[in-house]
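S.K.: Compute the structure for the input listed below.
(2 chains)
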Number of protein chains: 2
Amino acid sequence: MTSEREYVTAHLDDLHADLDAWVRIPSISADPAHAGDVAASAAWLADALRRTGFPTVEIWPTAGAPAVFAEWPSADPDAPVALVYGHHDVQPVDPLELWEHPPFEPTLVEGPDGPELHGRGASDDKGVLIVHLLGLRAHLAATGRETPAVTVKMLVEGEEESGSPHFEALLRERADRLACDVVVVSDTGMAAPDVPSAVTAMRGLADAEITLRGPAVDLHSGSFGGAVPNPLHAMAELVAKLHDEQGRVAIPGFYDEVRPLGEREKELMSRVPFDEQAWLAGPAASRATFGEAGFSTLERTGARPTAEVNGMWGGYTGPGHKTIIPAEAHAKVTFRLVSDQRPEDVGPRLRAWVEANVPDGIEAEVHTPPGGVAPCASDLDSPHVEALLAAIGQAFDTDPADVLFTREGGSGPEAAIEGALGAPLLFLGVGLPTDRIHSPNERVLLPMLHRGAEAAAHLWRELAARRA
Amino acid sequence: MTSEREYVTAHLDDLHADLDAWVRIPSISADPAHAGDVAASAAWLADALRRTGFPTVEIWPTAGAPAVFAEWPSADPDAPVALVYGHHDVQPVDPLELWEHPPFEPTLVEGPDGPELHGRGASDDKGVLIVHLLGLRAHLAATGRETPAVTVKMLVEGEEESGSPHFEALLRERADRLACDVVVVSDTGMAAPDVPSAVTAMRGLADAEITLRGPAVDLHSGSFGGAVPNPLHAMAELVAKLHDEQGRVAIPGFYDEVRPLGEREKELMSRVPFDEQAWLAGPAASRATFGEAGFSTLERTGARPTAEVNGMWGGYTGPGHKTIIPAEAHAKVTFRLVSDQRPEDVGPRLRAWVEANVPDGIEAEVHTPPGGVAPCASDLDSPHVEALLAAIGQAFDTDPADVLFTREGGSGPEAAIEGALGAPLLFLGVGLPTDRIHSPNERVLLPMLHRGAEAAAHLWRELAARRA
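M.R.: All right, here's what the predicted structure looks like:
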């Protein structure tokens, strides 16, 4: 009998060949010219899942790009059901001239931490997701089973990089086929090659647009300057007040539902090695950190809610100058949310705060589109997380108690899955912060995929062992 | 012998006919399609000045639209020299559909304060300037002179409504021909039909553009939000700090050179009737006043320096939202200046203040173009102002001590005339705040022109009587 590791090690060529073939398909969902490639990517994945042994594989059309669904029932009638989530579409590649190798001609590069595969999607999400194919084969080989210890379903969407516009509709329509006990999200990463870790939460998102109106028309600043309120000044004062001296969002009630970081999570986050200067010099390309007092940079970007003005405009913005007091000023603001904040609470609180903070003579309008993204988080005390940590620990030769926790600062469709299916989320992903996802020269570290395939193999056994 | 008033009253038809003919010429300097009309306007004025009796009348070409120069020397070898300044170009007329009468078909309308002539330029500046033609004839008739008591020069430019781009060059080139003892600016107004008044000052102007830079590129607000400085937040804080709690400009040194309002001027300004609610409901179209504590609206718009952000922008401004921390934020600021502030002092003080007020991690650039407009003011204790008040008092049947003072908040080429010719400024103008200059349905109140012609007639005699 072979072990999961032995099986994975013996079949790495299959994993490499599959990833190479998949990355060659330029499945850019944002570009209508690549719609055929996105469909080809779905077809390739469906075929690969059939080769893996999934008895049911279907391509599900949507109003946009197709998703791929697969199901491999466990022969054990009491087996829990796990749904793997990922996506087969990729980001655009521009600026193309910054790529060292053609983005859709996967290229092996020997890096300081081992062999890397360069190419668009090599990490996000084709590489991170593909570990499940070899992982499931290794699970069967190592346990001597003909069907997995848990029923494994997979849902791989084709529009994640375009904001998943049709994903919630798909979840609702196919809820019966997607029913599960736990969702395994494979679209995230670990802290570093030598730091096995698990994402425990993703932030939510609410967005708003603030419009301030003063005079009915742009006024001559010579005739009126200094005597009537200027909407741009009022907007500046509003945005300046959006955070208090401590860097906290100043909207009353904003933090009311925030679940504080637990001691265990805080401790496991604090052990994540983090070179702040290197981070600032990297994609952040910023000159200093900044933020809420009392929290580390990793906590600020993952565990705390934020308010960021993403755009602000008003008045004359052309060459030279135009001496006006403009009639209007505008700002776009997005809020990142953490458990247990709700996107729908942001609008009314923001509106009340804006109205209380504009000067006499300025009228405010706050537009908050419906929707938003709820934050989501794993239940750290659940047997599912215990199984995840055990699986990662075995694959990385680490005590499960030393598998660290990280948080994803971004927002994705994961909360929608949890909401639609009512199943808790686990995050198993072996990307790295240095993978340059969404940027030129995206790559994946192959040893991370090898460990990931092994962790995926262990996970099904560990989940079955802890069935409720 | 006839009096100035008798002569003016007997010849009002000439004034009306002249203004009607001149307003029919659509001399819009901002529109190249009207360049021929601007030239025709200059030619019409030159002809009218010759008819008036000026022995020297010349059309002076510039790199843009032509100016008109005229000179009528006094036979008295010791007579002072006065230079009248005005302009013969007009503002564009859009939106045309808001005009009740075609803008270049002057139409007589009976209004609540007397007959009005409607048309573009009826007030600004053709009406306000044209009083000098009848005024000079009345001066000669009433004094029995064949030449004026002072040497009268006129300089009427053709690009004032386009920012006078070639005017300073013209002043430098023609300085010898323009040499004078006093400049009479006829491009301003009085407080109300029944409130004879004189403008005593115009504000200057300095402009600047502030750029704040944070990250090298736009960052993903999910990955970096809450942990690196956001240039839009920094710009908002900067603009919010630009004024203190009292509405004063917070830049150190900004007020150092401000000449306080004298007691006499403050008192004469305070007696100007001003209906603030009517003003807010008029072109201001604003819902409340706002500004520097301790000053009235008239003082704020005329006698105090200001800082106004005229435009502000950065980040994403399109539809929907884009979750970025933008790399840059921008603001355009103009400062209105009063005596004895200098435009060239603003840049260095602003730059030092910005640099002291941006957070760590943000780099600031402050661009202040050379130039700017100096403030200008009449010397209220001079014999010239005494002559002006005497002339206005006689024309309006008012004690000269009861002719009130107002200030013009805008900035124009007048300071350049003072600077180039080294002569003090007087402001004789009979426009009204209700003349709708630069707007649809511009009009002039004919009784104001009648009084203005008489005041112009008195002015030459009064100036000659007070020669230095």
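
S.K.: what's the offset of stretch A:194-213 from the middle of its chain?
M.R.: 9 Å (C-alpha atoms, centre = their mean, to the nearest Å).

S.K.: Report the backbone C-alpha coordinates of that stretch in PDB.
M.R.: Provided in PDB are the C-alpha atoms of stretch A:194-213 (Å, rounded to 0.1, in the frame of the first residue of the first chain):
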ATOM      1  CA  ASP A 194       8.100  27.400   4.800                       C
ATOM      2  CA  VAL A 195       5.000  28.600   6.700                       C
ATOM      3  CA  PRO A 196       2.100  26.200   6.400                       C
ATOM      4  CA  SER A 197      -1.000  28.200   7.100                       C
ATOM      5  CA  ALA A 198      -4.700  28.500   6.500                       C
ATOM      6  CA  VAL A 199      -6.900  31.400   5.600                       C
ATOM      7  CA  THR A 200      -9.600  31.800   8.200                       C
ATOM      8  CA  ALA A 201     -11.700  34.600   6.800                       C
ATOM      9  CA  MET A 202     -12.300  37.000   3.900                       C
ATOM     10  CA  ARG A 203     -13.500  40.500   4.200                       C
ATOM     11  CA  GLY A 204     -16.800  41.700   2.900                       C
ATOM     12  CA  LEU A 205     -17.500  44.800   0.800                       C
ATOM     13  CA  ALA A 206     -20.000  47.600   0.700                       C
ATOM     14  CA  ASP A 207     -19.800  50.600  -1.600                       C
ATOM     15  CA  ALA A 208     -21.200  54.000  -1.700                       C
ATOM     16  CA  GLU A 209     -21.100  57.200  -3.700                       C
ATOM     17  CA  ILE A 210     -21.400  60.600  -1.900                       C
ATOM     18  CA  THR A 211     -22.600  63.700  -3.800                       C
ATOM     19  CA  LEU A 212     -22.500  67.100  -2.200                       C
ATOM     20  CA  ARG A 213     -24.300  70.000  -3.800                       C
END
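
S.K.: and that stretch, which residues are buried?
M.R.: A:195-213 (16 or more other C-beta atoms under 10 Å in any protein chain shown). For every residue, glycine as well, the C-beta is placed using N, CA and C.

S.K.: What about the residues you listed, which are in strands?
M.R.: Mapping the buried residues of stretch A:194-213 onto strands (DSSP state E) picks out A:197-202, A:204-213.

S.K.: Of the buried residues of stretch A:194-213, which fall within the contact range of chain B?
M.R.: A:203, A:205, A:207, A:209 (C-beta under 8 Å from any C-beta of the partner chain).

S.K.: what's the farthest-apart pair in those?
M.R.: Greatest spatial distance among these (C-beta to C-beta): A:Arg203 and A:Glu209, at 20.1 Å.

S.K.: For chain B, what is the nearest residue in the stretch 51-200 of chain A?
M.R.: Chain B sits closest to A:Gly163 of the stretch 51-200 of chain A, with a gap of 9.3 Å, by C-beta to the nearest C-beta.

S.K.: In chain A, which helix is the longest?
M.R.: The longest helix of chain A (DSSP state H) is helix A:446-465.

S.K.: Now do it against strand A:197-202, angle only.
M.R.: If you take axes from the mean of the first three to the mean of the last three C-alpha atoms, to 10 degrees, helix A:446-465 sits at 70 degrees to strand A:197-202.

S.K.: just checking, what packs against helix A:446-465?
M.R.: helix A:4-10, helix A:12-23, strand A:81-87, strand A:114-118, helix A:126-143, helix A:383-395 (3 or more C-beta pairs under 8 Å, 6 or more residues apart in numbering or on different chains; DSSP states H and E).

S.K.: Point out where chain A drops to low pLDDT.
M.R.: A:283-285, A:468 (pLDDT under 70).

S.K.: Mark out where each domain of it begins and ends.
M.R.: Following the assignment in automatic domain parsing, chain A carries domains at A:4-202+A:375-465, A:204-258+A:305-367.

S.K.: distance between the ends of the first one?
M.R.: Put plainly, it is domain A:4-202+A:375-465. Chord length of domain A:4-202+A:375-465, first to last residue, is 16 Å (C-alpha to C-alpha, to the nearest Å).
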